[in-house]
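*Asks:* here is my input; please provide its structure:
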Amino acid sequence: MTIDFTPDPKLYPFESRWFDSSQGRVHYIDEGPAGFTGPPLLLCHGNPTWSFLYRNIVIALRDRFRCVAPDYLGFGLSDRPAGFGYKVDEHARVVGELVDHLGLDDFVTMGQDWGGPVSMAVAVERADRVRGVILGNTWFWPTDEFTTKMFSRVMSSPPLQYAILHRNFFVERLIPAGTEHRPSDAVMQHYRAVQPSPDARRGVAEMPKQILAAAPLLARLAREVPAKLGAKPALFVWGMKDFAFRPGPTLPRMRAAFPDHVLVELPTAKHFIQEDAPDQIAAAIIERFG
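*Replies:* Next comes the predicted model:
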């Protein structure tokens, strides 16, 4: 299944690019200085977003970084392939194929929400090619928080799966709830338009199940991220008003995994930090990795 939507070039002023992965056709943007001379930056989104989430950060950084932002299969403008499972390890394999196809080297990863586990799964397999790590309002270990486990179980239940698939619950409810100010109608339309039908939303519906179902991958990342990436320079950009990844339980584990870290607190930002604080995030990235 392909998505028939053309983003507004005023909001998303990028050239759409396509990669035929082993599992399906992936949409991505690749923006940077002439000849892609800037350090590569791999920008990994979460649920139910797509590369559009990073638009303002890319605009702020593309004169000095090579900004690569893919849409996972089942998200954004990428295909919804028949038979694809939309599991996190599968997304990471496909993103890894794109990284290898583009020949990214000495690259910095950024992940928010599910982009944390996806970017870390890509990075631990290519640790010798990773320059640094950016994480914001995310995690990469099996969850032990009661509220997170309950969220996974409730969102996996038949009534909520129906709401996600048939009422676009994640876009209509969780994006407004997870932003400091409700996004404009035009911005909301860019999140709605790429999830036009129940069939198009299967990837979105699978993600909350993966909080518990991906425990084997998350357990591996909990070991391998500190071991293989822990010596890399890290930047944490944290929305301090997030309901999902509260700083108290989450940041100590991040700090322990990456001793050489800088923390930038985004005091009023909620979960979708790229919508709430793109300028502060871009400035922090330039300060740390520019």
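*Asks:* tell me what the longest helix along the chain is packed against?
*Replies:* Counting by DSSP state H, the longest helix found in the chain is helix 88-102. When contacts are defined as 3 or more CB pairs under 8 Å, 6 or more residues apart in numbering; DSSP states H and E, helix 88-102 sits against strand 17-20, strand 25-31, strand 40-44, strand 66-70, helix 115-125, helix 215-224. Just so you know, the C-beta spots here come from the backbone N, C-alpha and C atoms, and that holds for glycine as well.
*Asks:* what's the closest of those to Phe272?
*Replies:* Closest of the helices and strands packed on helix 88-102 to Phe272 is helix 115-125, at 11.4 Å (criterion: CB to CB).
*Asks:* show me what that closest one is in contact with.
*Replies:* With CB atoms under 8 Å, 6 or more residues apart in numbering as the test, helix 115-125 has contacts from 42-46, 72, 88-89, 91-92, 95-96, 99, 109-111, 130, 133, 135, 138-140, 214, 217-218, 221, 224-225, 228-229.
*Asks:* so, low pLDDT: which residues of the stretch 101-250 of the chain?
*Replies:* The stretch 101-250 of the chain contains no residues with pLDDT under 70.
*Asks:* please enumerate the strands of it.
*Replies:* For the stretch 101-250 of the chain, strands defined by DSSP state E, counting those that start in this stretch occupy the ranges 107-113, 130-138, 234-239.
*Asks:* the first one packs against which elements?
*Replies:* Other elements packing on strand 107-113 under the criterion 3+ CB pairs under 8 Å, 6+ apart are strand 40-44, helix 115-125, strand 130-138, helix 278-289.
*Asks:* my read: Arg192 touches Asn168, true?
*Replies:* Yes. In this structure, Arg192 is within contact of Asn168 by CB atoms under 8 Å, at 6.6 Å.
*Asks:* which one of the two has more residues nearby?
*Replies:* Asn168 (21 against 16; other CB atoms under 10 Å).
*Asks:* ok, and the closest non-adjacent residue to that one?
*Replies:* Closest residue to Asn168 apart from its sequence neighbours, by CB to CB, 6 or more residues apart in numbering: Gln195 at 5.7 Å.
*Asks:* and that neighbour, what does it touch?
*Replies:* 48, 168, 171, 201, 204.
*Asks:* count of neighbours near the last one?
*Replies:* To tie it back to what came earlier, the one meant is Val204. 22.
*Asks:* returning to that earlier point: now do the longest helix of the chain against strand 66-70, angle only.
*Replies:* Helix 88-102 and strand 66-70 meet at an angle of 140 degrees, taking axes from the mean of the first three to the mean of the last three CA atoms, to 10 degrees as the criterion.
*Asks:* gap between helix 88-102 and the chain center?
*Replies:* 13 Å (CA atoms, centre = their mean, to the nearest Å).
*Asks:* per-residue confidence at the spatially most central residue of the chain?
*Replies:* Centroid check for the chain by CA atoms, centre = their mean gives His45 as the closest residue, at 1.9 Å. At His45, the model reports a pLDDT of 98.
*Asks:* quick check: phi and psi on the residue nearest to Asn168?
*Replies:* Per-residue torsions, Gln195: phi -130, psi 60 (degrees, to the nearest 10).
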